[in-house]
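K.L.:
When you get a sec, could you give me coordinates for this:
(one chain, ligands or ions: 1)
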Amino acid sequence: MSNQEALLEIKNLHTGFDIGGETHHAVKDVSFSVKPREVVCVVGESGCGKSVMSLSIMKLLPKHNGKIDKGEILFKGKDLVPLNDKEMNQIRGKDISMIFQEPMTALNPVLTIGFQMDEVLINHTNAKKEEIRQKSISLLKQVGISRAEQIVHEYPHQLSGGMRQRVMIAMAIACQPQLLIADEPTTALDVTVQAQILELITKIQDEVGMAVMLITHDLGVVAEMADRVVVMYAGQVVEESDVDRIFYDPKHPYTRALLSSIPRMEEEKEVLNTIKGIVPSLKNMPEVGCRFVDRCPEAMPECRKIDPLLGETEKGHSVRCLLYDASKPEKKSEVR
Ligand SMILES: Nc1ncnc2c1ncn2[C@@H]1O[C@H](COP(=O)(O)OP(=O)(O)OP(=O)(O)O)[C@@H](O)[C@H]1O
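P.N.:
Numbers count the residues shown, from 1 in each chain. This next block holds a predicted model:
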């Protein structure tokens, strides 16, 4: 059933990489949606498939070995999966924009900031040349760059990391997209600049009225910014809910483990909790059963034999775990 309210609706997405002639899925059966103006945070440890999922939405997977081989990515009801590069170029930067961890990789080092900013507007609007440069300058001011008239003549290496990320945000919002995908936008920045950039994204989100899909490791950021949270583990969504229920009523053992690894002011602990083990690599993913089983403190024998499905435990709260599987009601009372 299609979600009428959704701006973006991902349905049963499978993205695979060809490794040694075999397809291994970095994203396996992912479904969730983003509503207009909503901030959805996607969390999970490194290697859980968050970036591959966002590159799938933008259709920017490495061409030599990556491909979407099942599922739909509906943007305003239209499936992006069958679109070619030319058709996607109409959407990227205009309807959906993306900012990355390291802006230096997305900016061209040999072109001025002004040239790169102008290009986005030239590609997606009919504005005249002089208007375009003025618009680029006003976008840079909108993201808090005061020397915008000078900055347009500078090259990316002449700016600090925080300034470069501001430029990326200005480019991303140039055409007032309805969706901004931000993949760890502050990881490469120091802590004070991180806070400024997140504040800027919130301010811009409000001004432009766009939805944001924010990928982050940082649960503090999630608490601060998210309306809804999607928890990913080993290429799958294991829990999805509004932010309050994720923090106050987490269900999946992985979500609970992630939360217990956050330092808390009220607890005087010398050693922080960590989740034992690592996310399995694509080649070592279990073929059947739960992908978290080897690290799960609540694993049961059937977890190795049955693929858990993502199912609602209550309206708006979904979990992929046999502890909450409707066919095993007796287990529900045991957890928490
Ligand atoms: N080009 C590629 N070829 C083969 N495997 C890949 C490729 N890109 C990513 N992977 C694998 O896909 C899995 C998911 O990676 P992904 O980068 O999406 O994780 P992530 O959750 O975004 O991690 P991080 O937080 O470190 O960015 C990992 O096992 C990774 O090694």
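
K.L.:
for V27, helix, strand, or coil?
P.N.:
strand (DSSP: H, G, I helix; E, B strand; the rest coil).

K.L.:
Phi first, then psi, for the residue lying closest to it once chain neighbours are set aside.
P.N.:
Nearest non-adjacent residue to V27, counting by C-beta to C-beta, 6 or more residues apart in numbering: T15, 4.0 Å away. The way it works is simple: take the backbone N, C-alpha and C, and place the C-beta from them, glycine included. Dihedral pair for T15: phi -120, psi 130, per degrees, to the nearest 10.

K.L.:
Verify the stated contact: T15 with D29.
P.N.:
No: contact between T15 and D29 fails when scored by C-beta atoms under 8 Å: they sit 10.5 Å apart.

K.L.:
and the two? which has more neighbours close in?
P.N.:
Each of T15 and D29 has its neighbours counted (other C-beta atoms under 10 Å); T15 has more, 23 against 18.

K.L.:
contacting residues around that one?
P.N.:
H25, A26, V27, G49, V52, M53, S56, L61, G66, K67, I68, D69 (C-beta atoms under 8 Å, 6 or more residues apart in numbering).

K.L.:
Would you show me how to pick out the buried ones of those residues in PyMOL?
P.N.:
Restricted to buried positions by 16 or more other C-beta atoms under 10 Å, the PyMOL selection for these reads:
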select buried, resi 25+26+27+49+52+53+56+61+66+68
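
K.L.:
would you turn the contacts of T15 into a markdown table with secondary structure, distance to the ligand and pLDDT?
P.N.:
Formatted as a markdown table, the contacts of T15 follow (DSSP: H, G, I helix; E, B strand; the rest coil; distance: C-beta to the nearest ligand atom, whole Å; pLDDT from 0 to 100):
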| residue | secondary structure | distance to the ligand | pLDDT |
| --- | --- | --- | --- |
| H25 | strand | 9 | 93 |
| A26 | strand | 3 | 95 |
| V27 | strand | 8 | 96 |
| G49 | coil | 4 | 93 |
| V52 | helix | 4 | 95 |
| M53 | helix | 7 | 96 |
| S56 | helix | 9 | 97 |
| L61 | coil | 8 | 95 |
| G66 | strand | 6 | 94 |
| K67 | strand | 11 | 95 |
| I68 | strand | 13 | 97 |
| D69 | strand | 14 | 93 |
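
K.L.:
From I173, how far out is S138?
P.N.:
Per C-beta to C-beta, to the nearest Å, S138 is found 11 Å from I173.
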